[in-house]
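Student: After the sequence you'll find the predicted model.
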Amino acid sequence: MPTLTDLPISTTPVASHDQYAIVNSSTSRFGDRLFYSICLLSAITVALLFLLVIGVQIHGSKLSFAAFGWKFLTSSQWDPSSDTESYGALPFIYGTVVSSLLALFIAVPLSVGTAVFLTDLAPLKIRQPLVSVIEMLAAVPSVIWGLWGIFVMVPWLNGNLVPILKKTLGFLPIFSGPCIGGSMLAGGLIVAIMILPIVTSVSREILRSVPDLQREAAYGLGATRWEVTRIAVLSYARRGLMGAAVLGLGRAVGETMAVTMVIGNVAQIKPSLFASGYTLASVIANVFAEASSDLEISALFEIGLVLMGVTIIINIMALLLIRAFETPGSRRA
Amino acid sequence: MLTPHQRYRKYKSAFMSGLAVFCAILVITPLGLILYHLLKQGIGALDWNFFTQLPKPHGETGGGMANAIVGTGELIALAMLMAIPIGVFGGIYLSEYGSEKVNFWIRFGADILNGVPSIVWGMTVFAIAVAPFGTKSAYAGGVALGFIAIPLILRTTEEVLVLVPNSYREAAMALGIPRWKIILHIILRTASKGLITGILLATGRIAGETAPLMFTILGNMYWNHNLKEPIAALPLQVFNYAIAPYDDLNRQAWAGALVLIFLIFILSLGVRLISGGMKKA
């Protein structure tokens, strides 16, 4: 799909002026005021929506926060049975952190490589089609990635990739132990695939806004193509590319359906990537609909609050990094 | 003659270029794989019944997802009914009225809202539109999807409206046309294709959303035309059938996924046709 800045404007001729010839000034002033109010109200709605989503999450998690306090973040218990009811989010936080970092680790180099290819290497003829393909990749819904993950990717991982990893790198604790069904590895890989398009397209925008003077100066010094990319482009765009990666991290943390379908959903903290895991988003997806006690529902709201807080902080960081990059000598308006 | 070091630099450059090509190939591979598997698994399970019949319980043949397809249409319509006016008028405010400072915060808010995980929207809407009424409903699902679409539409609207040349606004004002008429009849009309593109993009985005529907619409196996009651949706049905332990339901999930992706690609094709047509004009 076209990026926002690419959206062109139609050149439909402006309506002929005679249909506005007679203007009743008092009704028009009223119309102006009314129209302005509608627009203002709509814009304010967006701010209200922000307050609403935060307010609801905070209100919902009150009960849980009163019962567990900060221990909620460090406890590993999730016990809904009525006499020993106790909740903690640590395994879910761990699962989210590990699967998101793994996803970034896989996706960022691939995305930056693709962005370099798209801006500096690819023949002009194939650039636009390739961008379109990446946009199509972005349009595939999470639940379809999950479906594909369950029936195609996980069996392939467990049958092909995992034995190879075990044989070659099995001495590392992260590649040890059995791999049955869903795993952290599967969760991280599916999230990596899902954040590829956004990291690629933001990286591409960043690289495109590196001034050509940078490149020309490096070529003028006799640099090879790769040296130009490394010295003049990548190091110049470092901060913006970091912003792209952080934006991808924000997406990865909040990703729900596909991860829920392939990560195994076992609340445990194991060093091995072959072990099953559980994330903040997937525990909400799996448990919320069936949660019976008020305290459990409240604990889930607190998990939602943690998830939202983390994504908001990550997104603000990404916006700041990208914006900080855009200001100096940026090529686009 | 190249010195060995120059040769090394040339080879290194060629190698890194090759690596970039390899990255690009790896990035598009998943799309090829998913389309291949969707077609392979989905086509076989797709027949006329799929579009006309209600779901049948596991073990009976011939069921379809007609109610979920219609349900998804209803949910999108409800969501857009709410999101288009708010998003478009909010975008007009940003582009035509707001001060630099106010705009900064509204834009910032919209960008943050765009990053809120969709499952959190599901919980929020559950708390405000399901719990108080005691039942999951099509309305609640529409509200959840609408909340996701509002910031998207707001941002695209603003971006296309600021592209309308200021001379249009000045010319119209010089004719004494009231501002609201200028905006509605001239600015919106000039930017109409961009607006429609933005709305289609948002539609494509919410059409496949599953997480916000899990706690808001419940899903069902029959026709329901009462929007105050639970309703079925294609993505949710795909999810439920995908995690079911039965082969026949899994096959239906593939078929549903194929229909869903087809729907989304048609929307994005529409976007492309509209924006492509604009570039030529």
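Tutor: Everything's here; your move.

Student: what's the burial count for residue 181?
Tutor: You didn't pick a chain, so chain A it is. Neighbourhood size, A:Gly181 [other C-beta atoms under 10 Å in any protein chain shown]: 15. Glycine gets a C-beta too; all of them are placed from N, C-alpha and C.

Student: sorry, should have said chain B
Tutor: 18.

Student: got it, and A:Ile164?
Tutor: Neighbours of A:Ile164 (other C-beta under 10 Å): 11.

Student: ok, and for whichever strand or helix holds it, which residues are buried?
Tutor: Per DSSP states H and E, A:Ile164 falls inside helix A:162-169. Going by neighbour count (16 or more other C-beta atoms under 10 Å in any protein chain shown), the buried part of helix A:162-169 is A:Val162, A:Leu165, A:Lys166.

Student: Following element in sequence after it, please.
Tutor: Counting by DSSP H and E, what follows helix A:162-169 is helix A:184-208.

Student: Correct me if wrong: A:Gly264 contacts A:Cys179.
Tutor: No. The criterion here is C-beta atoms under 8 Å, and A:Gly264 misses it with A:Cys179 at 9.7 Å.

Student: Looking at those two, which is more packed in?
Tutor: Remark: of A:Gly264 and A:Cys179, A:Cys179 carries more neighbours, 26 against 23, as counted by other C-beta under 10 Å.

Student: from the middle of its chain, how far away would stretch A:265-275 be?
Tutor: In terms of C-alpha atoms, centre = their mean, to the nearest Å, the gap separating the centre of stretch A:265-275 from the centre of its chain is 22 Å.

Student: no wait, stretch B:44-54
Tutor: For stretch B:44-54, the distance to the chain centre is 24 Å (C-alpha atoms, centre = their mean).

Student: just stretch B:168-177 next, same as before
Tutor: 36 Å.

Student: for stretch A:83-100, same thing?
Tutor: 20 Å.

Student: Give me the buried positions along it.
Tutor: Going by 16+ other C-beta under 10 Å, stretch A:83-100 has these buried residues: A:86-96, A:98-100.

Student: Just the ones of those in helices?
Tutor: If you go by DSSP state H, these have A:Leu90, A:Pro91, A:Phe92, A:Ile93, A:Tyr94, A:Gly95, A:Thr96, A:Val98, A:Ser99, A:Ser100 in helices.

Student: still on that earlier bit, residues that sit against both of A:Gly264 and A:Cys179, list them.
Tutor: Residues touching both A:Gly264 and A:Cys179 (C-beta atoms under 8 Å, 6 or more residues apart in numbering or on different chains) are A:Ala275.

Student: so does stretch A:300-312 get close to chain B?
Tutor: Yes. Shown here: stretch A:300-312 in contact with chain B (C-beta under 8 Å from any C-beta of the partner chain) through A:Leu300, A:Phe301, A:Gly304, A:Leu307, A:Met308, A:Thr311, A:Ile312.

Student: Just name the closest of the ones in helices among the buried residues of stretch A:83-100 to A:Gly243, please.
Tutor: A:Ser100 (16.3 Å; C-beta to C-beta).

Student: Against chain B, how distant is the spatially closest residue to the closest one that is not a sequence neighbour?
Tutor: Nearest residue to A:Ser100 in three dimensions, chain neighbours excluded: A:Ala252, at 4.0 Å (C-beta to C-beta, 6 or more residues apart in numbering or on different chains). Separation of A:Ala252 from chain B (C-beta to the nearest C-beta, to the nearest Å): 10 Å.

Student: Burial check on A:Ala252, number of neighbours?
Tutor: 28.

Student: Pull the contacting residues for B:Phe104.
Tutor: With C-beta under 8 Å, 6+ apart, B:Phe104 has no contacts at all.

Student: what is the mean pLDDT for the helix holding A:Ile164?
Tutor: Mean per-residue pLDDT for helix A:162-169: 88.

Student: now the angle between helix A:184-208 and it, please.
Tutor: 80 degrees (axes from the mean of the first three to the mean of the last three C-alpha atoms, to 10 degrees).

Student: Need the contact partners of helix A:162-169.
Tutor: By C-beta under 8 Å, 6+ apart, helix A:162-169 touches A:Phe175, A:Ser176, A:Cys179, A:Leu185, A:Phe274.

Student: Repeat that for stretch A:57-76.
Tutor: A:86-91, A:93, A:267, A:269, A:294-295, A:297-299, A:301-302, A:304-306, A:308, B:120, B:123-124, B:127.

Student: run the last query once more with 7 Å
Tutor: With C-beta atoms under 7 Å, 6 or more residues apart in numbering or on different chains as the test, stretch A:57-76 has contacts from A:87-91, A:93, A:269, A:294-295, A:298-299, A:301-302, A:304-305, A:308, B:120, B:124, B:127.

Student: Could you count how many residues lie near A:Ile144?
Tutor: Neighbours around A:Ile144, by other C-beta under 10 Å: 28.

Student: Then B:Ala77?
Tutor: 12.

Student: ok, and the closest non-adjacent residue to it?
Tutor: Nearest to B:Ala77 is B:Gly142, by C-beta to C-beta, 6+ apart, at 7.7 Å.

Student: That neighbour - that's part of a helix, no?
Tutor: Yes. Counting by DSSP: H, G, I helix; E, B strand; the rest coil, B:Gly142 is part of a helix.

Student: picking up where we left off before, taking the contacts of helix A:162-169 together, which two end up most distant?
Tutor: Largest pairwise distance in the contacts of helix A:162-169, by C-beta to C-beta, is 12.1 Å, between A:Ser176 and A:Leu185.

Student: higher neighbour count, these two?
Tutor: Per other C-beta under 10 Å, whichever of A:Ser176 and A:Leu185 has more neighbours is A:Leu185, with 27 against 18.

Student: Hmm, A:Ala275 and the more buried one touching each other?
Tutor: No. Taking C-beta atoms under 7 Å as the definition, A:Leu185 is not a contact partner of A:Ala275, at 9.1 Å.

Student: tell me which element B:Ala79 falls in.
Tutor: helix B:66-92.

Student: which strands and helices sit next to that helix?
Tutor: Under the contact definition 3 or more C-beta pairs under 7 Å, 6 or more residues apart in numbering or on different chains; DSSP states H and E, helix B:66-92 sits against helix A:25-68, helix B:48-52, helix B:138-161, helix B:192-207, helix B:234-242.
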